[in-house]
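J.: Give me a model of this one.
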Amino acid sequence: MSYPKEIFGAAMEELARRRDEARRTAARRREEIARTLPEADRLQRQLGATSAKLAQAVLGGGEGIETIRLTSERAYKLLKIQLQKAGFPEDYTQTHYNCPVCSDTGFVEGGYCACLRKLLSQLMIKRLGIEQSLLNCSFDNFSLDYYPAQADGDGPSPRSLMNANLARCRQWADDFSLSAPSLLFVGATGLGKTHLSMAIARRVIELGYDVLYYPFGSLLTELEARRFGRDGDYAEGLTPLLSCELLILDDLGVEFTSPFGQSLLYELINSRMVTARPSLISTNLTLGEIESRYGDRIFSRLIGGYETLLFRGRDVRLIKRYGPET
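T.: Below you'll find the model as predicted:
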């Protein structure tokens, strides 16, 4: 697993900002105490001096360490008393980092601190440009109540089918790795494909993987402008799509059919299959419509190289708006 350089760099800059702010705040407070509480300031300076002496004693073989330690403890207790008497918290002059575990460095015991992982995930989600939508979609708030419990003909009921899909998506996301199979979501509009796609994206990002999420029509428009216009370099736009650890393409089939769109879709599917990088594609088209619209080369790779999940039921958006009798 890896993070894009720009994301990791932004996280490091934010941690540096937090460290600087914590240290500036502590410095301002020490200056305040120096002006208003001379005795507390004297004790604060004594603590600084004993810390330096302790470091020298350790380097010098340890002689006098216990005496220095006792002196430091006594000064610290007296300082707390002075601050409390003046109405300040006893730790008022200490540096309070956002993360006391790593002191806002982002690293602990040779690995990433939890605060850095959280920050990286937040930046990854923000990069997608659908931050609020992504945060609103999780496996836990995917409701099965909107799917009919009764089967319409042979096969499982929509609710039973969607319960299996939900379980599979949760497991797939929790176990995600570069060896995970690619997924193809197939079903009519309003059946939860986007919700589960976003829930997967959110979970995989939380695990520390590089995820890109695009409605295919929007992506096609952007890359067409790069390829045929003056809006940037085409290769620069394509490279992240090929190299990210999970690529999610939503709403395949709503775009206008064009040779460029066919070529782009084939390149994304084929290149990521060759480099063994998982993808998730959702579409409102049926399997027959996919074959008819995109041709044998793309259809063969989707059917042969992707795990297909079928979505069944009634349009959840309409049910939410107009009720179950719509």
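
J.: Give the residue spans of the stretch 151-300 of the chain that score low on pLDDT.
T.: 230-232 (pLDDT under 70).

J.: give me that answer again for 80
T.: When residues are selected by pLDDT under 80, those of the stretch 151-300 of the chain lie in 152-154, 229-232.

J.: can you pull out the strands in it?
T.: Secondary structure of the stretch 151-300 of the chain, counting by DSSP state E, counting those that start in this stretch: strands at 182-186, 211-215, 246-252, 279-283.

J.: So what are the sheet partners of the longest one and their directions?
T.: Using DSSP bridges, the strands paired with strand 246-252 in its sheet are strand 211-215 (parallel), strand 279-283 (parallel).

J.: Pull out the buried residues from the first one.
T.: Right, the one you point to is strand 211-215. 211-215 (16 or more other Cβ atoms under 10 Å). Where C-beta positions appear, they are placed from N, C-alpha and C, glycine not excepted.

J.: got it, and stretch 273-287?
T.: 273, 277-285.

J.: can you redo the residues you listed as TSV with distance to residue 80?
T.: TSV is the format used below for those (distance: Cβ to Cβ, whole Å):
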residue	distance to residue 80
273	64
277	56
278	55
279	58
280	56
281	61
282	59
283	65
284	66
285	69
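
J.: Residue 308 - that's part of a strand, no?
T.: Yes - counting by DSSP: H, G, I helix; E, B strand; the rest coil, residue 308 is found in a strand.

J.: Wait, it touches residue 186, no?
T.: Yes - between residue 308 and residue 186 a contact is recorded at 6.0 Å, counting by Cβ atoms under 8 Å.

J.: so what sits against both of the two?
T.: Common contact partners of residue 308 and residue 186 (Cβ atoms under 8 Å, 6 or more residues apart in numbering): residue 287.

J.: Mind checking which of those two has more residues around it?
T.: Using other Cβ atoms under 10 Å as the criterion, residue 308 and residue 186 rank with residue 186 on top: 23 against 11.

J.: contacting residues around the nearest residue to that one once chain neighbours are set aside?
T.: Once flanking residues are discounted, residue 186 sits nearest to residue 310: 5.5 Å by Cβ to Cβ, 6 or more residues apart in numbering. Going by Cβ under 8 Å, 6+ apart, residue 310 touches 161, 165, 186-187.

J.: Can I get those residues in JSON lines including distance to residue 129?
T.: Putting those into JSON lines (distance: Cβ to Cβ, whole Å) gives the following:
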{"residue": "161", "distance to residue 129": "31"}
{"residue": "165", "distance to residue 129": "26"}
{"residue": "186", "distance to residue 129": "26"}
{"residue": "187", "distance to residue 129": "25"}
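
J.: contacting residues for the spatially most central residue of the chain?
T.: Note on the chain: the residue nearest the mean C-alpha position is residue 121, at 2.8 Å, using Cα atoms, centre = their mean. Shown in contact with residue 121 (Cβ under 8 Å, 6+ apart): 205-206, 208.
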